[in-house]
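Colleague: with the sequence up front, the predicted model follows.
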Amino acid sequence: MTDPVFLPGVPREAVLAALRRSPGHELSTGKFDAPESSAALSANAFGWFVERASALPPLPSVPMGQPVAVEIEAEMRFPWAGGRHPWLDAAVTTATTLVGIEAKRYEPFRPRKAPVFSEAYESRDWGPGMARWTAMRHALHSGGLSYRCLDAVQLVKHAYGLRNQGIKRARGAVLVYLHAAPAHWANGKPVSPEAIARHAAEIEDFAHAVKGDDVTFVALRWADLLAQWAGVPALAGHAAALSERFGPL
């Protein structure tokens, strides 16, 4: 296992501790240091704010308010004890809102296994405020709806976890899907333009389907987030460092 190199200003020990407690094993497997690592991108981007949450502006188009806490590798437990619970790449807490961030880079353009829902989801009444999310779950589970690029099953699980934790913390919940549209893989080969277009269309379809429920879904481009940060004098250096290390997003 190599020793990860973080960007300037990222609190190394705090970020390493968060990565070690998460179930993804990004460090021990070496995935964190891979040229196309999404974990390295999100850990460096949001890890910078772990010890300076007030420096993070509200995310573009996200109803949230001013951040008071930022966490990376955040577990959003379901209302039951056993089994696996969702882990998000980052979580931002404000006075009114719990924002969970699921960050993607190249994952939507790779082949992947079809994820499934366990029986535990059926045993829970998630309430009328989650009716659209539940309808999405039913459609995905039955095979009546499928997405090739968007991991919709993962997003539904995250929404349920956020809903449960939002209630516990007396806050509204927002799920942010932070995604990229890279023109090239790390080796220089082009990413399929058709796959990029398909991913964008699937995001739009998914967002429309769950709009109006208690967990608000917001799709946000990495490029737009970094453009926002680049326009804030205190964050411009961080945005530039991210762009230099990870390239166009």
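Modeller: Perfect, I can see it now. It should be emphasised that the depicted structure is a prediction, and the values quoted were computed from it without experimental measurement.
Colleague: give me the helices and strands touching the lowest-mean-pLDDT helix or strand in the chain, please.
Modeller: Of all helical and strand segments in the chain, the minimum by mean pLDDT, DSSP states H and E falls on helix 12-21, at a mean of 92. The contact analysis (3 or more C-beta pairs under 8 Å, 6 or more residues apart in numbering; DSSP states H and E) places helix 12-21 against helix 38-47, strand 67-75. Any C-beta I mention is one placed from the backbone N, CA and C, and that applies to glycine too.
Colleague: just give me how far that helix sits from the chain centre.
Modeller: Counting by C-alpha atoms, centre = their mean, to the nearest Å, helix 12-21 is centred 18 Å from the centre of its parent chain.
Colleague: i'd like the first residue to be 15 from this point on
Modeller: Sure thing, new numbering starts at 15, so read that last one as helix 26-35.
Colleague: what does that helix rub up against?
Modeller: The contact list for helix 26-35, computed with C-beta atoms under 8 Å, 6 or more residues apart in numbering, reads 18, 20, 40-41, 46, 53, 57, 61, 64-65, 85-87.
Colleague: name the nearest of those relative to residue 259.
Modeller: Distance to residue 259, by C-beta to C-beta, is smallest for residue 20 among the contacts of helix 26-35, at 9.9 Å.
Colleague: gap between the closest one and residue 64?
Modeller: For residue 20, the distance to residue 64 under the criterion C-beta to C-beta, to the nearest Å works out to 11 Å.
Colleague: mind jotting down where the helices sit in the protein?
Modeller: For the chain, the helices defined by DSSP state H occupy 26-35, 52-61, 145-156, 166-182, 207-224, 236-244, 250-260.
Colleague: and those helices: which comes nearest residue 200?
Modeller: Distance to residue 200, taken as C-beta to C-beta, is lowest for helix 250-260 among those, at 9.7 Å.
Colleague: who touches the closest residue to residue 177 other than its chain neighbours in this structure?
Modeller: For residue 177, ignoring the flanking residues on the chain, the nearest one in space by C-beta to C-beta, 6 or more residues apart in numbering is residue 229 at 5.1 Å. Residues in contact with residue 229, defined by C-beta under 8 Å, 6+ apart, are 144, 147, 173, 176-177, 180, 187-189.
Colleague: just send the helices of the chain back as CSV, with distance to residue 119 and mean neighbour count too.
Modeller: Formatted as CSV, the entries for the helices of the chain read as follows, by distance: least, C-beta to C-beta, whole Å; neighbours: other C-beta atoms under 10 Å:
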stretch, distance to residue 119, mean neighbour count
helix 26-35, 16, 14
helix 52-61, 4, 24
helix 145-156, 23, 17
helix 166-182, 15, 22
helix 207-224, 12, 16
helix 236-244, 8, 18
helix 250-260, 8, 16
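Colleague: tell me how far the nearest residue to residue 191 once chain neighbours are set aside lies from residue 143.
Modeller: The spatial neighbour of residue 191 that comes closest, neighbours along the chain excluded (C-beta to C-beta, 6+ apart), is residue 233 at 4.8 Å. Noted for residue 233: a distance of 21 Å to residue 143, by C-beta to C-beta.
Colleague: then residue 174?
Modeller: For residue 174, the distance to residue 143 under the criterion C-beta to C-beta works out to 12 Å.
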